[in-house]
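Q: Kindly generate the corresponding structure for this input.
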Amino acid sequence: MQHLASSPAARSAPLRAGLLALAGVQLITGLWLVVAPGAFYDAIADFGPRNEHDLRDMAAFYLSSALVLGVAAQRPSWRAPALALVGLQFGLHALNHLLDVGDADPSWIGPFDLLSLVAGTLLIWALYRAADRDDVASGRRR
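A: Numbering: from 1, shown residues only. Predicted coordinates:
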């Protein structure tokens, strides 16, 4: 008798939960940017003059990635590609924060943002690796 933990559904449950959690964070961030861009800027995005257009651009990315990650939670074939794209964006976003780490106001925000983005990138990488292994195990990828 095959062990339950090795079944596709059992392997997929933590990955699905991770995708939904990540989608939720992206959704909350995007909604914060839409509903209260000034509060978002003041709390964690003060790296120079406030630019409403750039804040709306950020909201568009966060909301669209939330939607794609939410769909990917339901569609296994979307998981690895969605995580690759969001992970790439997080990694590049972290690199941008590394370059500007000393420009935040208040000064502690720069290192905090950088560390949170690096942690997010690592988490997404782990989810991507799990999705890739799941694709191989299920025959979606060789």
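Q: which stretches of the protein form strands?
A: When assigned using DSSP state E, the chain turns out to have no strands.
Q: what's the longest helix in it?
A: helix 109-138 (DSSP state H).
Q: which helices and strands does that one pack with?
A: Under the contact definition 3 or more C-beta pairs under 8 Å, 6 or more residues apart in numbering; DSSP states H and E, helix 109-138 sits against helix 8-35, helix 76-99. Every residue, glycine included, has its C-beta placed from N, CA and C.
Q: Mind listing what's buried along stretch 82-101?
A: A82, L83, L85, V86, G87, Q89, F90, G91, H93, A94, H97, V101 (16 or more other C-beta atoms under 10 Å).
Q: Quickly note the distance from the fourth one to L20.
A: Think V86. According to C-beta to C-beta, to the nearest Å, V86 stands 13 Å off from L20.
Q: what do these two both touch?
A: Common contacts of V86 and L20 (C-beta atoms under 8 Å, 6 or more residues apart in numbering): L69.
Q: okay, the buried residues of stretch 82-101 in CSV with pLDDT and distance to N51 next?
A: Shown next, in CSV, are the buried residues of stretch 82-101 (pLDDT from 0 to 100; distance: C-beta to C-beta, whole Å):
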residue, pLDDT, distance to N51
A82, 98, 28
L83, 98, 29
L85, 97, 24
V86, 97, 23
G87, 97, 26
Q89, 96, 19
F90, 96, 21
G91, 97, 23
H93, 96, 16
A94, 97, 20
H97, 95, 16
V101, 94, 19
